[in-house]
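Student: got a predicted structure plus its sequence, pasted below:
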Amino acid sequence: MRQPLVAGNWKMNGTLESVTALVEGIKAGMGSVFTAEVAVCPPFVYLDTVARLIQGTSIALGAQNVAKEERGAFTGEIAVSMLKDVGCNYVIVGHSERRTLYGETDALVADKYARVLEAGLTPILCVGELLEEREAGKEEEVVARQLDVVIEKVGIAGVGKGVIAYEPVWTIGTGKTVTPEQAQDAHAFIRQRLAAHDGSVAEATRILYGGSVNSSNLPGLAEKADIDGGLIGGASLKADEFLAICRAAD
Ligand code: PEP
């Protein structure tokens, strides 16, 4: 049985005051979340603050990105050892905004994934197609390519140590969503791709859905066999809405 995971990706939002209020709001409502694992991914500069605020709770901490290098002269970058130091459990790698706005290639994403694993943290690998790729019927080809590069780099066992987030790029932050059936098809495709290497890894790996998820559309998605929770952007910035999503994933 895979434990559902709901991870809030706060992106580049918040102030010291607002992230403190958001965490306090989530903490206050955690008693109503029973089975889902809950994680928050604040901007780097707030990780330490949030780590302190969630101490003693079951809320996990994630980072939104990481450097592929271990340490050294890489101005502006953040090493995985630093993320570990401040208490991160998860690191998002290959988010579509990193891929499309900052030119992250499949190979770079695989390097980052490997670096996170090496440090003993859990990578959340984002995969998903652009609108024109879906319109051309290439969504499976794109997702397979994004997955295969990582499998090649860390092996299927390495992929089994992480979490996958399927996020059709055209649904992120746009209010557009795929139907639960379309999402399930994509998730089943991902699981089959893993199963071609190792059936038990495929069975155990959590595959989250992401893309304009909110408390109204998550229930329909979460009831699908291969959807194990969500990676939530905009809707994770309000404690009540985020908690409603977590409860729906329970
Ligand atoms: C995301 O940031 O991964 C995401 C899915 O964003 P949103 O929920 O805002 O579409």
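Tutor: It's in.
Student: which bits of this structure sit near the ligand?
Tutor: Neighbours of the ligand within the chain, by Cβ under 6 Å from any ligand atom: 9, 11, 167, 172-173, 210-213, 231-235. (Each C-beta comes from the backbone N, C-alpha and C, glycine too.)
Student: quick check: ChimeraX command selecting the buried ones in those.
Tutor: Listed next is the ChimeraX selection for buried residues among the residues of the chain next to the ligand, using 16 or more other Cβ atoms under 10 Å:
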select :9,11,167,172,210,211,212,213,231,232,233,234,235
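Student: between the residues of the chain next to the ligand, which is nearest the ligand?
Tutor: Nearest to the ligand out of those is Gly233 (Cβ to the nearest ligand atom; 2.1 Å).
Student: which non-adjacent residue is nearest the closest one?
Tutor: Asn9 (5.1 Å; Cβ to Cβ, 6 or more residues apart in numbering).
Student: please apply the same query to Lys161.
Tutor: In space, and not counting its chain neighbours, Lys161 is closest to Leu117: 5.8 Å by Cβ to Cβ, 6+ apart.
Student: what does Asp111 give?
Tutor: Leaving out its chain neighbours, the residue that sits closest to Asp111 by Cβ to Cβ, 6+ apart is Lys68, at 4.1 Å.
Student: surely that neighbour and Leu108 touch.
Tutor: Yes: at 6.2 Å, Lys68 counts as touching Leu108 under the criterion of Cβ atoms under 8 Å.
Student: so these two - more neighbours on which side?
Tutor: Remark: of Lys68 and Leu108, Lys68 carries more neighbours, 20 against 17, as counted by other Cβ atoms under 10 Å.
Student: which SS class is the more buried one?
Tutor: Following DSSP: H, G, I helix; E, B strand; the rest coil, Lys68 is assigned to coil.
Student: would you mind measuring from it to the ligand?
Tutor: The spacing between Lys68 and the ligand, counted by Cβ to the nearest ligand atom, to the nearest Å, is 20 Å.
Student: for that residue, give me its contacts.
Tutor: Neighbouring residues of Lys68 by Cβ atoms under 8 Å, 6 or more residues apart in numbering: Leu108, Asp111, Lys112, Arg115.
Student: which of the residues you listed sits closest to the ligand?
Tutor: Of all these, the ligand sits closest to Lys112, with 16.1 Å by Cβ to the nearest ligand atom.
Student: quick check, the closest one in contact with His95.
Tutor: No: the criterion here is Cβ under 8 Å, and Lys112 misses it with His95 at 10.7 Å.
Student: mind listing the helices for the protein?
Tutor: Counting by DSSP state H, the chain has helices at residues 16-29, 47-54, 80-85, 96-101, 106-118, 131-135, 139-160, 180-195, 199-204, 218-222, 239-249.
Student: what's the burial count for Thr35?
Tutor: Residues near Thr35, counting by other Cβ under 10 Å, number 11.
Student: oh, and call the first residue 786 from now on, that's how I've got it
Tutor: Let's use 786 as the start, then, which means that last one is Thr820.
Student: quick check: closest non-adjacent residue to it.
Tutor: Nearest to Thr820 is Asp1035, by Cβ to Cβ, 6+ apart, at 4.8 Å.
Student: so the one you found touches Gln788, yeah?
Tutor: No: assessed by Cβ under 8 Å, Asp1035 is found out of contact with Gln788, at 10.2 Å.
Student: check the contact lists of those two and give me the overlap.
Tutor: Common contacts of Asp1035 and Gln788 (Cβ under 8 Å, 6+ apart): Thr820, Ala821.
Student: burial count for the residue nearest to Phe974 when sequence neighbours are not counted?
Tutor: Nearest residue to Phe974 in three dimensions, chain neighbours excluded: Glu925, at 5.4 Å (Cβ to Cβ, 6+ apart). If you count neighbours by other Cβ under 10 Å, Glu925 ends up with 17.
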